[in-house]
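Peer 1: 3D, please:
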Amino acid sequence: MERNGNKVSIKRVIIMGGAFIGLLIGSGFTTGQEIMQYFVSFGVGGYAAIVMMFVLFCYVGISFVVVGNEQQFEEPKNIYQYYCGKYIGTFFDWFSVVFLFMSFWVMVAGAGAAFNQSFGIPNWVGGTLMGIITLITLFFGFNKLVDIVGSIGPVVSVLAILLGFAGIMMNPGGLSSFAEEVPALVEKGTVLQAGNNWFMACASYVGFCMMWLAVFMTNMGATANSKREGIYGTIFGASLYSLAVLLLMFGLSANLLDVAGAQIPTLILAKKITPALAVFYTIIVFTEIYTTAGPLLWTPVKRIAPDEKSNRYRMTLMILGAIGIFVGLKVPFDKLINVVYVVNGYVGFMLLFLMIITDVRVRILKNYTPKIVNELKCKAK
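Peer 2: Predicted structure coming up:
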C-alpha cells in the first residue's frame, strides 16, 4: 500500500521538514510567548525539556509519516483509530478537531497582539487580516498549503536563531543569572508557567503539538515519494525546530528582566537591536503565524467537509473562519496560550502512550494489526 521504491528528493525533504517547522512555529513561538512559558520559566530545567522535546518530536513525526505512507488513508483522521482503536480513536479524532480549531483562535489573537505592540494598531486589524489571508489560501487546497508553509518555515527558523544569538550578544551575563531571577517573576505572575515542573510542561507541549501534527503529517506521509523521504523530512524539521527553540530560549533568558511580562517578548529583543528591526520582525511574526494558522483551520474544515472542491467545504471554511476570528479577538493572547495549549496538551500527551504501545506491537513484536487496517482492506476488496 505504501508508495513504491526508496526515492528521496532533497527538495521534497526540505519542503516536508519546512512544513513540519512551519506548522509548529506559529504565534506562540515567533512571539516568544511559548518559549517563555514552557522553557525559560523553568530555569535550567528548560534545557532538559528541549532535549526531551526533540526526541519525542522525532518519534511521533516519523511514526505519523511512515503510517501515512504505508496505509495511504483516504481520510487522514483514520490515524487515530490506527493507534487507539475505534472508540478511543474517535474521541481523539473529535478532540483534535475542537483543539485545532481553538488553536486557530490563538493564531488570530497573536497576529492582533503583534500589530498592536509594534504599531499601536487595534488588535482587531491584525487578527482580521490574518483570518482573511488564511481563508483565501485554504480555498486552493492542501497541496498549495504544504508548498507555502514548507517554503517559509526554514527561513523563519533561521531568523529566530539569529535573533536568539543577538539576544545573547547584547547581554551574555544574563544567561548565568536568569535561573535565579525567574522564580520571583513566576511568583509575581509576571512570567507564566505552563506546568508545575519542566517535565510536565514538556509533556503538555509535545501533547498539544502532536494534536497539530497527527493528521497533517499523516497526509504528508501519504504524499511522500517514499518512507525514507518522509523520515528524513521529519528529522530535518525536528532538528532545526529544536535548535531554534534552544537559541531563542538563550536570547530571551539573557534579557529576562526586559522581556518579562511582554505579550510579544521577541519584539522587545528586536527593538533593543534597532527599532527598524522590530518593524521587520513584526512582519516575520505575522508571516509565520500565517503558516500555522492555515493547517490549524484546514484540519477541522477537512474533517467536516472532506471534498476540497465542494461547496460544503467552502461554506464550512467561511463559517469556522469567521467564528475563529471573532473569538481570537476577544481573549488576551497570553491567557489563550496558558489555557488552551496547556490543558489540551495533557490530553494530547495520552496519545503518545497509545502510539508507543501500537508501534511496539506492530513493528517489534509483529503480533498485531490495527483493526482499521483490516477494515479498509475488506472495503477495498
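Peer 1: so what's the residue count around Met170?
Peer 2: Using other CB atoms under 10 Å, Met170 has 15 neighbouring residues. For the C-beta atoms, the positions are set from N, CA and C on the backbone; glycine is no exception.
Peer 1: also Gly46?
Peer 2: Counted with other CB under 10 Å, Gly46 comes out at 24.
Peer 1: list the contacts of the nearest residue in space to it that is not next to it in sequence.
Peer 2: Sequence neighbours aside, Phe39 is the residue nearest to Gly46 in space, at 3.6 Å (criterion: CB to CB, 6 or more residues apart in numbering). Applying CB atoms under 8 Å, 6 or more residues apart in numbering to Phe39 gives the contacts Gly46, Ala49, Ile50, Trp198, Ala201, Val245, Met249.
Peer 1: so which of these belong to helices?
Peer 2: Among the contacts of Phe39, the ones falling in helices (DSSP state H) are Gly46, Ala49, Ile50, Trp198, Ala201, Val245, Met249.
Peer 1: if we can go back for a sec, phi first, then psi, for the residue nearest to Gly46.
Peer 2: phi -130, psi -60 (degrees, to the nearest 10).
Peer 1: how about the helices in the stretch 251-381 of the chain?
Peer 2: 256-259, 265-273, 275-304, 311-328, 333-336, 342-359, 371-380 (DSSP state H, counting those that start in this stretch).
Peer 1: pull the distance from the helix ranked longest in the chain to the chain's centre.
Peer 2: Determined from DSSP H, the single longest helix within the chain is helix 86-119. Centroid separation for helix 86-119 versus its chain: 10 Å, with CA atoms, centre = their mean, to the nearest Å.
Peer 1: could you do stretch 333-347 as well?
Peer 2: 13 Å.
Peer 1: what do you get for stretch 78-86?
Peer 2: Centroid separation between stretch 78-86 and its chain, computed with CA atoms, centre = their mean, is 21 Å.
Peer 1: may I have it as CSV, with CA atoms only?
Peer 2: In CSV, the C-alpha atoms belonging to stretch 78-86 read as follows (Å, rounded to 0.1, in the frame of the first residue of the first chain):
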residue,chain,number,x,y,z
ASN,A,78,-8.0,7.2,10.5
ILE,A,79,-4.6,7.7,12.1
TYR,A,80,-6.3,8.0,15.5
GLN,A,81,-8.2,4.7,15.0
TYR,A,82,-4.9,3.1,13.9
TYR,A,83,-3.2,3.9,17.2
CYS,A,84,-6.2,3.9,19.6
GLY,A,85,-8.9,1.6,18.3
LYS,A,86,-12.4,2.6,17.2
